[in-house]
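Enquirer: Quick one: sequence plus predicted model below, questions after.
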Amino acid sequence: MNRFIMIFTAALLLLSCEDKSSGIPEWPWTDPVEEVVPTLDRWTDVSSSFGTLPDYIKVYKSPEMLEGKKALAYIAVADMKSAQWDVWSVASDDSYATEDSYKTPSDVYGAGKWPVVINGGFFYSSDGQNYTSSLAVSSSELLAYNINYASEDWVTIYYPTRAAFLELEDGTFDACWTYLNGTDHFMYPVPADNSWSSKPADQPSAEYPEGGKAFAAVTGIGGGPVLINAGKFTDSYDEELFGGTYGIGPDSDQPRTAIGVTEDGKMIFFVCEGREMTEGVKGLTTADVANVLRILGCVEAINLDGGGSSCMLVNGKETIKVSDGNQRYVASTVMLK
């Protein structure tokens, strides 16, 4: 392994959610909750608090409790029959290095005046060099790839498929898993069967995991884990290797950011506060976020970078209190207008 890969794990801890537990939770990632009737009933429309928004974009504040925990969360809900979404990202090659500068969400808002901006995927820095580790696609241009390796000791190397939320050429949306193998880039309907407690699975290819096809998307953002796939609770953090010593603390309460889409074509941006920026508000697990998004009607959804990166701007105004105290410079954002 070369040196910048070895540095990646420590850097990721500083840039995303802190890991609080390396154990695998008791719940499975195959639909642990009962069927739900999608509803916004407990959420309060606060759109007018953020100035003028297009009538097809609404902003809601959460109830005081989500998943049995004190919460402070916001969602932006956009009817994609009228709304547009896009991704800003630094550009990188298959080494994940970039010469571009990170930006705060406010920087991105200032450049384009998007009504809603959230932080995007994962990233890291080492020795003054910036790297991105999550996929980004804008106007069919592939700007960055999902990271395609992971290790806890840098002796045993794993090759995880990682989450991507995509708009396809036919206008449909998909939460899937991707992998870059040399010059071949694939997307899959299921993740490679990895776990820190098992030997590495085969390196993903055209044949493994099943259902793979050549990557293609008009717009897309990477992150992980997948939270909802084809309407089913998924939270595939074990398979994507987001748990463990150098993970994102998926089963601990943290600030979180996520993106999803409902069956009737509503895109949802989700962000929740955490780390006691508001007294008693610790945050949510990725499973909590999956359950919340299911109740809101999402049929495809993924987790994005969280912790100090979590931020949502509406007309340039912050919703939650960011846990770093100031907005973090990030490698990508997702926007609505």
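Expert: Cool, got the structure. Numbers count the residues shown, from 1 in each chain.
Enquirer: which sections of this structure are below the confidence cut-off?
Expert: Across the chain, residues meeting the criterion (pLDDT under 70) sit at 1-36.
Enquirer: What are the boundaries of the helices in it?
Expert: For the chain, the helices defined by DSSP state H occupy 3-15, 105-112, 286-295.
Enquirer: Sort out which residues of stretch 164-181 are buried, please.
Expert: Buried positions in stretch 164-181, judged by neighbour count with 16 or more other Cβ atoms under 10 Å: 164-167, 173-180. Quick note: C-beta positions are derived from backbone N, CA and C, even for glycine.
Enquirer: Dump those residues to a markdown table, plus distance to Gly308.
Expert: Supplementary listing: the buried residues of stretch 164-181 in a markdown table, determined by distance: Cβ to Cβ, whole Å:
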| residue | distance to Gly308 |
| --- | --- |
| Ala164 | 23 |
| Phe165 | 21 |
| Leu166 | 26 |
| Glu167 | 28 |
| Phe173 | 28 |
| Asp174 | 29 |
| Ala175 | 24 |
| Cys176 | 27 |
| Trp177 | 26 |
| Thr178 | 25 |
| Tyr179 | 28 |
| Leu180 | 27 |
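Enquirer: which ones are touching the closest residue to Gly51 other than its chain neighbours?
Expert: Using Cβ to Cβ, 6 or more residues apart in numbering and skipping residues adjacent in sequence, the residue nearest Gly51 is Asn315, 4.5 Å away. With Cβ atoms under 8 Å, 6 or more residues apart in numbering as the criterion, the residues that contact Asn315 are 50-53, 115.
Enquirer: Please check those residues and keep the buried ones.
Expert: 50, 53, 115.
Enquirer: still on that earlier bit, roughly how far does the residue nearest to Gly51 sit from Ala290?
Expert: Here the distance between Asn315 and Ala290 works out to 28 Å (Cβ to Cβ, to the nearest Å).
Enquirer: what separates the residue nearest to Gly51 from Leu304, distance-wise?
Expert: For Asn315, the distance to Leu304 - Cβ to Cβ - is 21 Å.
Enquirer: May I ask which two of the buried residues of stretch 164-181 are separated the most?
Expert: With Cβ to Cβ as the measure, no two of the buried residues of stretch 164-181 lie farther apart than Phe173 and Leu180, at 21.5 Å.
Enquirer: tell me the centre residue of the protein?
Expert: For the chain, Leu304 is the residue whose C-alpha lies nearest the centre (Cα atoms, centre = their mean; 1.5 Å).
Enquirer: Contacts only, for that one.
Expert: Shown in contact with Leu304 (Cβ under 8 Å, 6+ apart): 118-121, 221, 223, 257-259, 334.
Enquirer: Return the member of those nearest to Ile248.
Expert: Taking Cβ to Cβ as the measure, Ile248 lies nearest Gly223 of the contacts of Leu304, at 9.6 Å.
Enquirer: wouldn't the closest one be in contact with Ser134 here?
Expert: Yes - under the criterion of Cβ atoms under 8 Å, Gly223 is in contact with Ser134, at a separation of 5.3 Å.
Enquirer: The two: who's more crowded?
Expert: Neighbours were counted for Gly223 and for Ser134 using other Cβ atoms under 10 Å; Gly223 has more, 32 against 27.
Enquirer: what's that one in contact with, if anything?
Expert: Gly223 sits next to 120-122, 134, 162-165, 302-305 when contact means Cβ under 8 Å, 6+ apart.
Enquirer: re the thing from before, now, the buried residues of stretch 164-181 that are in strands?
Expert: 164-167, 173-180 (DSSP state E).
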